[in-house]
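> What shape does this take:
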Amino acid sequence: MTNPPLILASSSRYRRELLDRLGLPYSCVSPDIDETVRAGETPVQVCARLARAKAQAVASQHPGSVVIGSDQVCDLDGESLGKPHTYERAVAQLTRMQGKRVIFHTAVCVIAPDGSMQETVSDTVITMRALGPETIAEYVRREQPYDCAGSAKIEKLGIALMQSVSSDDPTSLIGLPLMRLTSMLARAGVPPIPGL
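The predicted structure is shown next:
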């Protein structure tokens, strides 16, 4: 039996690199959605809504497919921090995070060919090191983390910014919690390993 087509509703290179680990054939479609945070939304609500909106936007254009939508938000004392996009914003985000506990919420939504939807949010709790402005500036110059929520990339030099990391899935902080996703895909008809 042939699996239904699998589509990643994302243009993120980080999510593509993670999904590649499963060895499944898939395509990428960039969803065209408004990612503006709505008044009164908590960081968890923001990432869950955006993951769902991405999946729904692509699923509506590709019936009969399994579609994965995902989003990540950095939660600093209840405030949503998204991608900084610029050097100045990255420095500002990291300066505010110094010595604090932050939570990265990573939401995933999988829509099956029959339209049924599965959703989950995986949390990664990080305690940031207290670092000076020169160190932060040098990190941002070297890493240019402008496309990462909260400006910290754990898979590279960003690990040096962190004092401790706690998560139920080591891939969650990079942008796609693969342990949860494999179960969701199996239920949607695309098991990464037959029998899963």
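
> what about the protein, any weak spots by pLDDT?
Filtered on pLDDT under 70, the chain yields the residue ranges 1.

> if I pick Ala55, what's in contact with it?
Contacts were defined as C-beta atoms under 8 Å, 6 or more residues apart in numbering; by that measure Ala55 touches Ala9, Pro31, Val67, Ile68, Gly69, Cys109, Val110, Ile111, Met117. (Each C-beta comes from the backbone N, C-alpha and C, glycine too.)

> ok, now Asp75?
When the contact criterion is C-beta under 8 Å, 6+ apart, the partners of Asp75 are Thr42, Pro43, Val44, Leu81, Val102, Ile103, Phe104, His105.

> Which parts of the protein are helices?
Along the chain, counting by DSSP state H, helices occupy 13-20, 43-61, 87-97, 133-143, 178-187.

> so how far is the last one off the chain centroid?
If I follow you right, that is helix 178-187. If you compare the mean C-alpha spot of helix 178-187 with that of the full chain, they lie 15 Å apart, counting by C-alpha atoms, centre = their mean, to the nearest Å.

> Give me the most central residue, this structure.
Relative to the mean C-alpha position of the chain, the nearest C-alpha, by C-alpha atoms, centre = their mean, is the one of Gly175, at 3.1 Å.
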